[in-house]
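Enquirer: just to be clear, the model below is a prediction. Sequence and coordinates:
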Amino acid sequence: MTQECTPALTPAQRLYLDINGYVVIENALSADQTGRLLETTYRIESEFRRTGETPSPSSHYSSTTETYFRVDNLPHIDPAYLEYVTHPRLLSMAEEIVGGTVRLEQSDAHIRRPTGPLKGPKSYGFHRGINPGFNYTRNGLYHFTFIKTLTNLTDLEPGDGGTTVIAGSHKITDEVDRDSIVSAAMDDPRLIHEVVAPAGSTLLFFESLMHASGIIESDKDRVLIIAGYCPTMFQTWNGYEPDESFVRTLPEEHRALLTGSSKYGWERKLRSL
Ligand SMILES: O=C(O)CCC(=O)C(=O)O
């Protein structure tokens, strides 16, 4: 795979990520790319509302309610989505923190809308994708085998529902159950971080980090796009397999990214702080 952007993270960003399990890269995408992704996502929603159809045979919807619209398995749907999941700088970040070449594991675009006034105390759906045991340390730095680049396509101010995380929880193993971690964190708001960033900023995080959608207290839509990556010998998440006839139309580097065809020909990519 072509990787021209290493090291992709500054030492401060890599240290922040190691300590907190996430880092926000402000304005990672250009305003033009952000605008195209936003327009594409709204267009897909409005076409769905009109026709009830999926935009491509290999894509699907995880949710189609008014307050949560989510379309999945993106590269087949629109060139703007393919451009996002193959973004060279974001891919370099992914490889840097996986510690080697990656394949696309999942991709999804979401539109979240306000759900009305809070009824009761704040409650987040904190979760992590896989067992936090799939981590390892090299050059003293934490690496994980499933990471995400989540880019907000709308500006996020406090209360706009930016992704919410329990900072540092990527290093807490599953010997501590989820509810104990969440209830301990909820007792001290300093442990709960909410992403506040301009449109086009990317939240890079280890999937071992406890994370959740934020709560929208404003009257604004929150639109975002996510790509998940894992080492080349891993599989996609269920339902995110690439469409073979589409993949055949792509250049080799993108084919390998979508199919994981390098498998155990895994190229290590390690950095020091
Ligand atoms: O909506 C968000 O900000 C979080 C998305 C999420 O929970 C996930 O990627 O697993």
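Expert: That came in fine, so what should we check first?
Enquirer: the chain: strands as residue ranges?
Expert: 22-25, 60-64, 68-72, 102-112, 135-138, 141-144, 147-152, 164-166, 192-194, 201-206, 211-212, 222-231 (DSSP state E).
Enquirer: could I get these in TSV, plus columns for distance to the ligand and mean neighbour count?
Expert: For every residue, glycine as well, the C-beta is placed using N, CA and C. Putting the strands of the chain into TSV (distance: least, Cβ to the nearest ligand atom, whole Å; neighbours: other Cβ atoms under 10 Å) gives the following:
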stretch	distance to the ligand	mean neighbour count
strand 22-25	11	22
strand 60-64	10	14
strand 68-72	9	21
strand 102-112	6	24
strand 135-138	17	12
strand 141-144	14	20
strand 147-152	6	25
strand 164-166	7	23
strand 192-194	10	19
strand 201-206	8	25
strand 211-212	5	22
strand 222-231	5	24
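Enquirer: I'd like the ones you listed as TSV, with mean pLDDT appended.
Expert: Shown next, in TSV, are the strands of the chain (pLDDT from 0 to 100):
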stretch	mean pLDDT
strand 22-25	98
strand 60-64	98
strand 68-72	98
strand 102-112	98
strand 135-138	96
strand 141-144	98
strand 147-152	98
strand 164-166	98
strand 192-194	98
strand 201-206	98
strand 211-212	98
strand 222-231	98
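Enquirer: between these, which one is closest to residue 173.
Expert: strand 135-138 (9.1 Å; Cβ to Cβ).
Enquirer: contacts for that closest one?
Expert: Residues outside strand 135-138 that contact it (Cβ atoms under 8 Å, 6 or more residues apart in numbering) are 99, 142, 143, 144, 145, 170, 206, 208, 270.
Enquirer: that one pairs with which strands, parallel or anti?
Expert: strand 141-144 (antiparallel) (DSSP bridges).
Enquirer: contact partners for residue 174?
Expert: The contact partners of residue 174, by Cβ under 8 Å, 6+ apart, come to 131, 132, 133.
Enquirer: can you get me a residue count around the residue lying closest to the last one once chain neighbours are set aside?
Expert: If you skip the residues right next to it in sequence, residue 133 has residue 173 as its closest partner in space, 6.4 Å away by Cβ to Cβ, 6 or more residues apart in numbering. Residues within reach of residue 173, counting by other Cβ atoms under 10 Å, total 11.
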